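# Sequence unavailable; structure follows:
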Ligand code: IMP
């Protein structure tokens, strides 16, 4: 079986990718490089900076992913700052901010940008979005990050109430991973055989 490296320190992201890739003959291997996440205006720029950093240190095909939660009532906050804000105030801080705002607007969107890189090829980007609402309180034990406060459209549960397969059906990452998987399925890549 061929190996493909997912550069991430996040076990939750990794197990979601592992589940999705189980349908292909590709073994996803986690590699935690601890690459710097620059403060940029877009997830795409953060991901591309990560690619630049890793490609100088690692010569095998890999992908990495940058994600964020964009909340309408907070003008898209925490967005590209999602990791830092989660570290500082977590889900409860976000709910408090929304309470203080006193708005009934609960709409939000999770976005995921995957950047895939192999030697001698420009990076390929795959984008996934999941629209939904922010719950009134945290619910559920599964997943990670903001999962307990996000209910996807057409869903009745938060991501944290779902098993990985179910979250993958609704999630931003499930969608960007689908595109990455289609890319591998549709592409005739001789050099991929040597992974
Ligand atoms: P990053 O992509 O690792 O920079 O993640 C940004 C922030 O959003 C982190 O705090 C993550 O925990 C959070 N996050 C990213 N993806 C998800 C998700 O699928 N569910 C919940 N939180 C997420």
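Right, received. Where do you want to start? All figures in this text were calculated on a predicted structure; none of them were measured in a lab. Residues are numbered from 1 along each chain as shown.
# Within the helices and strands, which one has the closest residue to the ligand within the chain?
As assessed by Cβ to the nearest ligand atom, the ligand sits closest to residue 145 within the chain, at 2.4 Å. (Each C-beta comes from the backbone N, C-alpha and C, glycine too.) Using DSSP states H and E, residue 145 sits in no helix or strand.
# so what pLDDT did it get?
Per-residue pLDDT puts residue 145 at 98.
# Please apply the same query to residue 66.
Taking residue 66 on its own, its pLDDT is 97.
# Helix or strand next in line after the helix or strand hosting it, which one?
If you go by DSSP H and E, residue 66 is part of strand 62-71. Going down the chain from strand 62-71, the next helix or strand is helix 82-101, by DSSP H and E.
# So that following helix, near the ligand or not?
Yes. Counting by Cβ under 6 Å from any ligand atom, the ligand is contacted by helix 82-101 at 82-83, 86.
# Show me which of those are buried.
Buried residues within the residues of helix 82-101 next to the ligand, counting neighbours by 16 or more other Cβ atoms under 10 Å: 82-83, 86.
# mind listing the helices for the protein?
Shown for the chain, the helices assigned by DSSP state H span residues 11-21, 43-55, 82-101, 164-170, 172-186.
# tell me the mean pLDDT for the shortest one?
Helix 164-170 comes out with an average pLDDT of 96.
# if we can go back for a sec, correct me if wrong: the residue of the chain closest to the ligand contacts residue 13.
No. Contact criterion Cβ atoms under 8 Å: residue 145 and residue 13 do not qualify, at 9.3 Å.
# so where is the protein shaky, pLDDT-wise?
Counting by pLDDT under 70, the chain has low-confidence residues at 188-195.
# Please list the residues of it that sit near the ligand.
By Cβ under 6 Å from any ligand atom, the residues of the chain that approach the ligand are 10, 37, 66-69, 82-83, 86, 143-147, 159, 171, 173.
# Could you tell me which of these count as buried?
For these, buried by 16+ other Cβ under 10 Å: 10, 66-69, 82-83, 86, 143, 145-147, 159, 171, 173.
# quick check, nearest of those residues to residue 118?
residue 66 (18.7 Å; Cβ to Cβ).
# which residues touch that closest one?
37, 43-44, 46-47, 50, 112-113, 115 (Cβ atoms under 8 Å, 6 or more residues apart in numbering).
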